[in-house]
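Undergrad: what's the 3D shape of this:
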Amino acid sequence: MSTDPDTLPLWREFRSWPRTVQAGLAVLAAAIFSATFFIEAVLAYDFPDESTWPSGEIPEGVPIDAAVNPVGETLPEGVDRYAGEPLWTAEAVEGEQIAHLGQDTLRLTDERFALERDGDTVWSRDWKEYGVEIAVAGDVVVLSLPMGDLADEDYDWPGRQDTVALDLATGDELWRDQEASFVSVFADAVIMTECTGEQDDHVGDCTMYARDPADLSLQWSTPTYASARVVQETPWTGEPAPDHLLVESFPTGNESRTLTVYQGGDSLGSVPTGGDAVLSGDTLIVYDDWDDNPADGCIAVLEGYRLGESDPAWQLEAMTRKTEDLTSCGGLPTVDPVDNQLPLTIDGKPAIVDAQTGEATWSAEGEGQAVALSGTNIAVIDWETEKLKLYDTSTDAELWSASANFGSGDRATVVGSTLWLYGDAGMWGWTSCDLYAYDLASGAGVALPGTASYFLPGEVVTATGEYDQETLNAWPSDLW
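TA: A predicted model of the protein is given here:
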């Protein structure tokens, strides 16, 4: 799972807006971010009694919440600082991402991509536009970025992409394409949409192509009624395309959105929606975990669609957690199905939901928040003790209990035998900056330094230092 902000739906949409709008929102975000620290310093929280709240509304005067889990020296009881050495360490400028491929180092920023060897730059590529797509495919690296100025009044959304394949060793250009409106890059395929009709509030005459990254040869193609791009993003160091591609298209410009699942060049089903989605077997799960009114409870709505059917096969409401000061709601800790099962919180209790039927196949006796799944085991946060617990759902036995800091908006993922808990990146930054790893076998916990910047295959990269001058450290993504 990637925590790169570019892989998040809000961030991708944000970068599609005109630069003047982006700049204005960035200034507003900076003001809000600075204000949270000032408010935290001058206010001594006296958290309200939720039982006195008027039904359905938030009372005036409730203080604005700062970060739920700010960075600090205090670790959860029994959690130690990780004593192992990082796989690699590198100095990075603002927003830079780094990966190691053998003896080579790849550096990616919003303006530059470079290959380094023995401390020297072998080759580099510079650009002025945001939103670059990159993937390494064997001996080839494919880069795709927007053509033209997004702030130009004559810019016709979604525009076109300048896509170029480079020899990874030398940086020499192998091929170039400037016809596609959207490009999604995988290690074994470049997914392109080419349109001849208008796309701004019109349905264009479009075709989606899958091409070989090495020579641009055609793998398959299919007609599509609008510009389309793949939803499942992959790390830029290169992951293969999944068998089932989840694709979003925009039939009337960027004001509407349709999700379609493709296998090869065949469409397996489409759903018009404004929500996010994940695929589990033959079921497309569409979810919306944005809730701005905690006074009515924090709810995420999920719907399951059988591929090829227009009506949902099931619908349910899962609970999300309120922030510590009760003023807002967090999101779902994870939305990744495991063996067609989803960890959700139903009626205040951790539960496992069958992704095919929407029915709970297991539920805990006590209240808490479902965090993540691993086989028949489910990790939960007990709302009474604030403990992280692991249950064996086949026997209902509690396998272990451990102290944890887990905020309402934090995320969780399992990599092998390691459960990761970390802050969630959104348009305005991280909900928390802590990064913890727990051994699924024993419950032993360790804290890694810095913030979780992004996940790479086999690695998690953390950042320490100032935002504009960071030190990146890579650690094994499976510590046990």
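Undergrad: got the contact list for V261?
TA: 244-247, 267-270, 279, 284, 307 (CB atoms under 8 Å, 6 or more residues apart in numbering). Any C-beta I mention is one placed from the backbone N, CA and C, and that applies to glycine too.
Undergrad: now do the helices in this structure.
TA: Along the chain, counting by DSSP state H, helices occupy 9-15, 19-42.
Undergrad: is it true that V353 touches Q315?
TA: No - at 11.7 Å, V353 does not count as touching Q315 under the criterion of CB atoms under 8 Å.
Undergrad: more crowded one of the two?
TA: For V353 versus Q315, neighbours defined as other CB atoms under 10 Å are more numerous around V353 (26 against 11).
Undergrad: once you drop chain neighbours, what's closest to that one?
TA: L342 (4.6 Å; CB to CB, 6 or more residues apart in numbering).
Undergrad: likewise A241?
TA: What sits nearest to A241 in space, not counting adjacent residues and going by CB to CB, 6+ apart, is F186, at 4.0 Å.
Undergrad: how about Y287?
TA: Using CB to CB, 6+ apart, the closest residue to Y287 is L302 (4.5 Å).
Undergrad: which residue is the nearest non-sequential neighbour of E255?
TA: Nearest-residue entry for E255: D201, 7.4 Å, with adjacent residues in sequence omitted and distances by CB to CB, 6+ apart.
Undergrad: what's around that neighbour, how many residues?
TA: D201 sits with 13 neighbouring residues when counted by other CB under 10 Å.
Undergrad: ok, now how distant is it from T170?
TA: Distance, D201 to T170, by CB to CB, to the nearest Å: 44 Å.
Undergrad: and what of L344?
TA: Using CB to CB, we find L344 at a distance of 50 Å from T170.
Undergrad: same question for D200.
TA: Counting by CB to CB, the gap from D200 to T170 is 40 Å.
Undergrad: out of the two, which sits in the more crowded spot?
TA: D200 (14 against 11).
Undergrad: so what's S408 scoring on pLDDT?
TA: As predicted, S408 sits at a pLDDT of 84.
Undergrad: show the contacting residues for the closest residue to it other than its chain neighbours.
TA: Closest residue to S408 apart from its sequence neighbours, by CB to CB, 6+ apart: G330 at 3.0 Å. Under the criterion of CB under 8 Å, 6+ apart, the neighbours of G330 are 298, 320-323, 407-410, 431.
Undergrad: reformat those as a markdown table; add distance to T451.
TA: Formatted as a markdown table, the contacts of G330 follow (distance: CB to CB, whole Å):
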| residue | distance to T451 |
| --- | --- |
| C298 | 25 |
| T320 | 22 |
| R321 | 21 |
| K322 | 23 |
| T323 | 19 |
| G407 | 13 |
| S408 | 18 |
| G409 | 14 |
| D410 | 12 |
| T431 | 11 |
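Undergrad: make JSON lines out of the residues you listed and add neighbour count.
TA: What follows is the contacts of G330, written out as JSON lines (neighbours: other CB atoms under 10 Å):
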{"residue": "C298", "neighbour count": "23"}
{"residue": "T320", "neighbour count": "22"}
{"residue": "R321", "neighbour count": "23"}
{"residue": "K322", "neighbour count": "18"}
{"residue": "T323", "neighbour count": "18"}
{"residue": "G407", "neighbour count": "21"}
{"residue": "S408", "neighbour count": "24"}
{"residue": "G409", "neighbour count": "25"}
{"residue": "D410", "neighbour count": "26"}
{"residue": "T431", "neighbour count": "22"}
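Undergrad: where does pLDDT dip in the chain?
TA: Applying pLDDT under 70 to the chain flags residues 1-73, 149-155, 254, 424-433.
Undergrad: let's see 50
TA: 1-48, 58-72, 426-431 (pLDDT under 50).
Undergrad: other residues contacting stretch 109-116?
TA: Counting by CB under 8 Å, 6+ apart, 93-97, 104-107, 121-128, 130, 132, 134, 141, 143, 168, 171 sit against stretch 109-116.
Undergrad: bridging residues for A463?
TA: A463 has these beta-bridge partners by DSSP bridges: T451, L472.
Undergrad: test my guess that it contacts T451.
TA: Yes - judged on CB under 8 Å, A463 makes contact with T451 at a distance of 5.3 Å.
Undergrad: what are the phi and psi angles of G264?
TA: Torsion angles at G264 (phi, psi; degrees, to the nearest 10) stand at phi 60, psi -130.
Undergrad: need the nearest residue in space to it, chain neighbours excluded.
TA: Nearest residue to G264, sequence neighbours excluded (CB to CB, 6+ apart): W220, at 5.3 Å.
Undergrad: burial of that neighbour, as a residue count?
TA: W220 has 14 neighbouring residues, counting by other CB under 10 Å.
Undergrad: ok, V79 - contacts?
TA: Per CB under 8 Å, 6+ apart, neighbours of V79: 402-404, 436, 445-447.
Undergrad: residues near S310, how many?
TA: Other residues lying near S310 total 10 when counted by other CB under 10 Å.
Undergrad: excluding chain neighbours, what is closest to it?
TA: Spatial nearest neighbour of S310, excluding adjacent residues (CB to CB, 6+ apart): V271 at 7.5 Å.
Undergrad: report the separation between the one you found and D311.
TA: In terms of CB to CB, V271 sits 10 Å off from D311.
Undergrad: now for the two: what residues contact both?
TA: Contact criterion CB under 8 Å, 6+ apart; residues shared by V271 and D311: Y305.
Undergrad: which one of those two is surrounded by more residues?
TA: In terms of neighbours (other CB under 10 Å), V271 is the more surrounded of V271 and D311; the figures are 20 against 8.
Undergrad: does the more buried one touch V286 like I think?
TA: Yes - counting by CB under 8 Å, V286 is a contact partner of V271 at 6.2 Å.
Undergrad: now for these two: what residues contact both?
TA: The contact sets of V271 and V286 overlap at 259, 277, 305 (CB under 8 Å, 6+ apart).
Undergrad: residue contacts, the first one?
TA: The neighbourhood of L259, defined by CB under 8 Å, 6+ apart, consists of 231, 246-248, 270-273, 277, 284, 286.
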